[in-house]
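Trainee: Curious how this folds, go ahead:
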Amino acid sequence: MIKLILIALFTVLFCSLNVFAQSDWTDSVSKTDKRKASEERDAPALPAANGVQNEETVGPLAQNTEYTSPAATESGPPTREEYNELRERMEMMESDMERIVGEQDELKERSLLDKLNWSGSYRFNFNFFHLTDHTFDKIPGHLVVTGISPTGDREMEAVERGKRNRDDWLAPSWTHRVKLSMTYDFGESLRFYSQLGVYKYFNETLNTIGVIDHGANAYPRDNAFRLERVYFDWFIADWLALSIGRIASPDGPPTELRENTERRSGWGVQMVNATIDTIMATFYLPKKMYLRTFYSPFGTHLNFAMNNEVSLFDDGGFDILHSWGAIFETAIPKMDDSIFQVGFWHIPKFSPRNTPIILPGATDLVYPTDPTGQDLGMFMQANALLQLNNIFNSGLDLFGAYSLTFLNPTEHTVTYNMKMTLDAFNPDGTPVMIGPPIPELQEQLTSTRTDSKQFGMASFEEGAGSKNFGHSIYAGFRYTLPFSETFPTRIGGEFNWGTRYHLAWSHANDQLLNKLGNKGLAFEGYLIQQMVPKHLFCRFGYLEIQRKFIGAFFGETNETDQKIRTIYFLVDLSW
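Mentor: Numbering: from 1, shown residues only. Reported below is the predicted structural model:
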């Protein structure tokens, strides 16, 4: 509207100036001059000295319009300099109009750019690990000659590796990570969000194998950007929103305390701390209450060849795994800066996964074969989180979370055929040597064998139809020291405990350890120092994980005796 008004004013002024230009006049007529011209028009014309009206003196403007310029009657016709001055003023006015119109277009562009927001972070991380491992290893470690067959061949049997005995400081780990985020706000009802990330070791590129999709971005690999988040939120009504994509599921509460940032996800880590592709509906209830429901399918499609596009739709004989759940959130009365969540996750039929794994002793990645059925069992999880931030403005934050896992395996399994190459030894422990009778040309006898493992859903070793429970507790605190508001110093501590059949949808943190999924104990203490307000901080900490059992959603859960400790230091820059 403003632009149209300005254009109209410019058109009127331009036409008026053209009239002045055609009559060779440059001075504008004031209101007083207009009245004087009107009086002269109504009065009888005075003859010139020779009795003839002087057209050169009166000019065409006085003859053709109702106004007579005083400049014409008093000063004579305009000079060339006055005409040029008028022309310059006209050009300046035209330039001003173009500038005003251009500024309006620029404001529109800025309005569009204001809806597009970029942010990112860079993190440097140093870890110094210590490992203590006294696990009794049941995996075959070598072969022992037990006799000679009638055909003259050696008869050998595999011997388990036995108890491990490690107590080592491992090589330091230097890693860095970059994340780039982009959001676009379409208005009141639609928003798009995406995030890319790179995570790698210093001066090293790894092709990490055996990593499933929901943890693909949690381990140092190469220098390629990978998709961490991409989804849209559609606010259908005041009480309903729909989200589709790779949603913001990891790094939810209470992770923001340890990460020294704002809350970045709606899902508490006691329920999920992994990247999940899902369809989610959020119901906004009265009194700041929310109900989030989701559905997430897990497929196992085969790679397709360019000359056989039909294989693109081949699932390899593995059914889709369907999972769904919900989480309810509210705040504690009279404590607005608090979080209370209750969640539920259900997989009614845990179908076999075409997921490769690395088995101890195997030389290659092992893929499953021969599923005996498409229903390995049923999984359910219930969880709760209570988080109190800045209690009574004291700077103290507290949280506690609990998770209950229920597993009901069936008799169905899949098979992993593991190829192993083992060295052969005599009964007295000396290696079995083969080759010419010259010692320098001999080599130790080895044998390659295939060891088949049948795996079912977690806890399948308890028997088909068994009902098995897992429990976990996650608790901690953070306290902001009352020294400086601009450069705050914070201290914190966290505790984890998990039983044999506790399962967590989680991946490793920046210390390359998954303490949320640990079946045992974990302790962590840290200090956070803000270096540049809102942008740069460092964290120094100690983390210890004591593993009592090793296992996941799939396969056996075995006893272990491991302690992993790390002293770490990280610097985080965000913008």
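Trainee: Tell me where the stretch 251-400 of the chain is predicted with low confidence.
Mentor: Confidence mapping of the stretch 251-400 of the chain against pLDDT under 70 gives the ranges 300-317, 358-364.
Trainee: show me where it has helices.
Mentor: 255-259 (DSSP state H, counting those that start in this stretch).
Trainee: Could I get the full set of strands for it?
Mentor: With strands called from DSSP state E, counting those that start in this stretch, the stretch 251-400 of the chain shows them at 272-273, 277-285, 289-298, 321-332, 335-347, 368-369, 377-388, 396-409.
Trainee: and the residue nearest to Thr448 when sequence neighbours are not counted, how many neighbours?
Mentor: Leaving aside its chain neighbours, Thr448 sits nearest to Thr421 (4.8 Å; criterion: Cβ to Cβ, 6 or more residues apart in numbering). Every C-beta, even on glycine, is put in place using the N, C-alpha and C of the backbone. Thr421 has 11 neighbouring residues, counting by other Cβ atoms under 10 Å.
Trainee: ok, now how distant is Thr421 from Gly162?
Mentor: In this view, Thr421 and Gly162 are 19 Å apart by Cβ to Cβ, to the nearest Å.
Trainee: Doesn't Tyr83 belong to a helix?
Mentor: Yes. Tyr83: assigned to a helix according to DSSP: H, G, I helix; E, B strand; the rest coil.
Trainee: Could you tell me how many residues sit around it?
Mentor: Counted with other Cβ under 10 Å, the neighbours of Tyr83 add up to 16.
Trainee: likewise Gly463?
Mentor: Residues lying near Gly463 (other Cβ under 10 Å) number 10.
Trainee: List the contacts of it.
Mentor: Pro409 (Cβ atoms under 8 Å, 6 or more residues apart in numbering).
Trainee: same thing but 10 Å
Mentor: Going by Cβ atoms under 10 Å, 6 or more residues apart in numbering, Gly463 touches 409, 411.
Trainee: And it, how far from Gly555?
Mentor: From Gly463 to Gly555 the distance is 16 Å (Cβ to Cβ).
Trainee: Next: Arg229.
Mentor: 29 Å.
Trainee: just Thr489 next, same as before
Mentor: From Thr489 to Gly555 the distance is 44 Å (Cβ to Cβ).
Trainee: next one: Thr446
Mentor: Separation of Thr446 from Gly555 (Cβ to Cβ): 27 Å.
Trainee: try Trp497
Mentor: Remark: distance between Trp497 and Gly555 (Cβ to Cβ) = 22 Å.
Trainee: which one of those two has more residues nearby?
Mentor: More crowded of Trp497 and Gly555, by other Cβ under 10 Å: Gly555, with 21 against 16.
Trainee: That one against Leu503, yeah?
Mentor: No. Using Cβ atoms under 10 Å, Gly555 makes no contact with Leu503, being 11.9 Å away.
Trainee: List the residues that are in contact with both of those two.
Mentor: In terms of Cβ under 10 Å, 6+ apart, Gly555 and Leu503 are both contacted by the residues Ala458.
Trainee: What is the burial count for the closest residue to Arg263 other than its chain neighbours?
Mentor: In this structure, Arg263 finds its nearest non-sequential neighbour in Glu256, 5.0 Å apart by Cβ to Cβ, 6+ apart. Glu256: 18 surrounding residues under other Cβ under 10 Å.
Trainee: Pro409 now?
Mentor: So Pro409, with other Cβ under 10 Å, has 25 neighbours.
Trainee: Write down the beta-bridge partners of Leu291, one by one.
Mentor: Counting by DSSP bridges, Leu291 is bridged to Phe283, Phe328.
Trainee: That one and Leu240: what is the separation?
Mentor: From Leu291 to Leu240 the distance is 10 Å (Cβ to Cβ).
Trainee: tell me the contacts of Arg565?
Mentor: For Arg565, the contacting residues are 128-132, 169, 513, 523, 542-546, by Cβ under 10 Å, 6+ apart.
Trainee: care to break the protein down by domain?
Mentor: Using automatic domain parsing, the domain ranges for the chain come out as 2-114, 116-301+318-574.
Trainee: Tell me which of these sits most buried.
Mentor: Burial of the domains of the chain is given as mean neighbour count (mean count of other Cβ atoms under 10 Å); domain 116-301+318-574 ranks first at a mean of 16.
Trainee: for the stretch 451-575 of the chain, what spans make up the strands?
Mentor: Secondary structure of the stretch 451-575 of the chain (DSSP E, counting those that start in this stretch): strands at 468-480, 489-498, 505-506, 519-532, 536-550, 558-574.
Trainee: what's in contact with the third one?
Mentor: Outside strand 505-506, the residues that touch it by Cβ under 10 Å, 6+ apart are 214-215, 218, 249-250, 267, 269-276, 296, 323, 325, 345, 381, 514-518, 553.
Trainee: One more pass at 6 Å, please.
Mentor: The contact list for strand 505-506 (Cβ atoms under 6 Å, 6 or more residues apart in numbering) reads 272-274, 514, 516-517.
Trainee: Run the chain-centre distance for that strand.
Mentor: 15 Å (Cα atoms, centre = their mean, to the nearest Å).
Trainee: Parallel or antiparallel, list what pairs with it.
Mentor: Paired with strand 505-506 in the same sheet, following DSSP bridges, are strand 272-273 (parallel).
Trainee: Low-confidence ranges, the stretch 101-250 of the chain, go.
Mentor: Within the stretch 101-250 of the chain, the segments meeting pLDDT under 70 span 101-113, 207-211.
Trainee: quick one, strands of it?
Mentor: 116-133, 136-148, 154-163, 166-169, 173-185, 190-201, 226-237, 240-246.
Trainee: name the helices or strands packed onto the second one?
Mentor: With contacts defined as 3 or more Cβ pairs under 6 Å, 6 or more residues apart in numbering; DSSP states H and E, strand 136-148 has these neighbours: strand 154-163, strand 414-425.
Trainee: Just the CA coordinates for the first one, please, in PDB.
Mentor: As requested, C-alpha coordinates have been extracted for strand 154-163 and formatted as PDB (Å, rounded to 0.1, in the frame of the first residue of the first chain):
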ATOM      1  CA  ARG A 154      45.900 -85.000  13.800                       C
ATOM      2  CA  GLU A 155      42.800 -84.800  15.900                       C
ATOM      3  CA  MET A 156      42.300 -81.400  17.600                       C
ATOM      4  CA  GLU A 157      39.700 -79.700  19.800                       C
ATOM      5  CA  ALA A 158      39.100 -76.100  20.500                       C
ATOM      6  CA  VAL A 159      40.100 -74.700  23.900                       C
ATOM      7  CA  GLU A 160      38.400 -71.600  25.400                       C
ATOM      8  CA  ARG A 161      40.400 -68.500  25.900                       C
ATOM      9  CA  GLY A 162      39.800 -68.500  29.600                       C
ATOM     10  CA  LYS A 163      40.000 -65.600  31.900                       C
END
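Trainee: tell me what that strand is packed against?
Mentor: Strand 154-163 packs on strand 136-148, going by 3+ Cβ pairs under 6 Å, 6+ apart.
Trainee: what sits up against the strand it packs on?
Mentor: With Cβ under 6 Å, 6+ apart, strand 136-148 has contacts from 154-161, 163-164, 360-361, 422-426, 447.
Trainee: Next, the angle from it to strand 414-425.
Mentor: For strand 136-148 against strand 414-425, the angle by axes from the mean of the first three to the mean of the last three Cα atoms, to 10 degrees is 60 degrees.
Trainee: Output strand 136-148 as CSV, restricted to C-alpha atoms.
Mentor: In CSV, the C-alpha atoms belonging to strand 136-148 read as follows (Å, rounded to 0.1, in the frame of the first residue of the first chain):
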residue,chain,number,x,y,z
PHE,A,136,36.1,-65.3,31.6
ASP,A,137,36.1,-65.7,27.9
LYS,A,138,34.3,-68.7,26.5
ILE,A,139,35.2,-68.1,22.9
PRO,A,140,37.6,-70.6,21.4
GLY,A,141,41.2,-69.3,21.6
HIS,A,142,43.3,-72.1,20.1
LEU,A,143,43.4,-75.8,19.1
VAL,A,144,45.1,-78.6,21.1
VAL,A,145,46.2,-81.9,19.5
THR,A,146,44.4,-84.7,21.3
GLY,A,147,45.5,-87.7,19.1
ILE,A,148,46.1,-89.2,15.7
